[in-house]
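Asks: Could you work out the structure for the sequence below:
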Amino acid sequence: MTKRNPLDSRLLCGALGVAGLFCVLEAAGRTGLIDPLAFPLISTVLARAAALVVDGEFLSDVVSTLGAWATGLLITVVIAVPLGFLLGTLPRVESALRPIVEFLRPIPSIALIPLALAVFSDRFDMKVTLVVYAATWPILINTMYGLKDVDPLAKETLRSFGFGKPAVLWRVSLPSTAPFIATGVRLASAIALIVAISTELLGGGADGIGSYVLESAGGVDATEYVIAAAMWAGVIGLVTNGLFVSAERRLFRWHTARTEVV
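Replies: Now for the predicted structure:
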């Protein structure tokens, strides 16, 4: 008897849940429980969403948003991971910089859009900068906490064989912290997408999913196009998160197994 993959079961349950929600919304619109003028029929929205797949303007906007998302996320990893190791391995540096981190971390990146508009003339640079700011914190914090989870016995064993701090960091701390870093990157990817689209909506610009939504809001059948574009933004977020989860499971099976046992 073949064992069913838990991931396949979750995907099936999720698909059934989404289909059920769509059926309820469609029925509510057809029966008048929801005013179609305020919220279009879900079948109409899905038709608009399907039409956007072959809309060159929308696809160009998607590419622009994903470009800012990917660029910002890559820069964030390059900055936040080494900084997390620095703070996590040098207590005095952490004590000096921790108040700055705790002061900046709660500030919403969206609140910085007016400042970014005054500083950056290029909208792409503005999006990338705000993405980096918002996405830094989950990667930084996860890296720091991952270092604290490293088995001290493994480090002491390596030191007893004459290995120095760089070797211990490379051979023990980095592999042990990698799953935490991956989780931080996955969380940061969702934040980065939200910030990129929000910046396009509030900061202006000629391209991006947010700009498309803003332009569609003033046109014919505005609600249908706005909801359809928002749905595609959700799909992109769902797909990217799924890819990161799949990569984590493949790369860090030992960590997943240990977590399940614990």
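Asks: Who are the contact partners of Ala116?
Replies: Taking Cβ atoms under 8 Å, 6 or more residues apart in numbering, we find Ala116 in contact with Met126, Thr129, Leu130, Thr199, Gly203. (Glycine included, C-beta is placed from N, CA and C.)
Asks: how about these in CSV, adding distance to Glu156?
Replies: What follows is these, written out as CSV (distance: Cβ to Cβ, whole Å):
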residue, distance to Glu156
Met126, 48
Thr129, 42
Leu130, 43
Thr199, 47
Gly203, 51
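Asks: Neighbour-wise, which one of the residues you listed leads?
Replies: Neighbour counts for those, by other Cβ atoms under 10 Å, peak at Thr199, which reaches 30 neighbours.
Asks: Just give me how far whichever strand or helix holds that residue sits from the chain centre.
Replies: Element membership of Thr199, judged by DSSP states H and E, is helix 174-203. Mean C-alpha position of helix 174-203 versus that of the full chain (Cα atoms, centre = their mean, to the nearest Å) differs by 4 Å.
Asks: how about the helices in the stretch 1-150 of the chain?
Replies: Under the criterion DSSP state H, counting those that start in this stretch, the stretch 1-150 of the chain contains helices at 6-31, 42-52, 56-89, 91-104, 113-119, 123-148.
Asks: Need the per-residue pLDDT for Ala257.
Replies: Predicted confidence (pLDDT) for Ala257: 42.
Asks: start the count at 29, not 1, going forward
Replies: Yep, numbering from 29; the last one is Ala285 now.
Asks: Same list, the contacts of Ala144, but as JSON lines with distance to Leu175 and pLDDT please.
Replies: Converted to JSON lines, these look like this (distance: Cβ to Cβ, whole Å; pLDDT from 0 to 100):
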{"residue": "Met154", "distance to Leu175": "33", "pLDDT": "92"}
{"residue": "Thr157", "distance to Leu175": "27", "pLDDT": "94"}
{"residue": "Leu158", "distance to Leu175": "27", "pLDDT": "95"}
{"residue": "Thr227", "distance to Leu175": "32", "pLDDT": "92"}
{"residue": "Gly231", "distance to Leu175": "36", "pLDDT": "81"}
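Asks: Distance check, Ala146 against Val105.
Replies: 28 Å (Cβ to Cβ, to the nearest Å).
Asks: out of those two, which sits in the more crowded spot?
Replies: For Ala146 versus Val105, the count of surrounding residues by other Cβ under 10 Å is larger for Val105: 19 against 8.
Asks: Does that one touch Ala210 like I think?
Replies: No - contact between Val105 and Ala210 fails when scored by Cβ atoms under 8 Å: they sit 10.3 Å apart.
Asks: shared neighbours, those two?
Replies: Counting by Cβ under 8 Å, 6+ apart, Val105 and Ala210 have no contacts in common.
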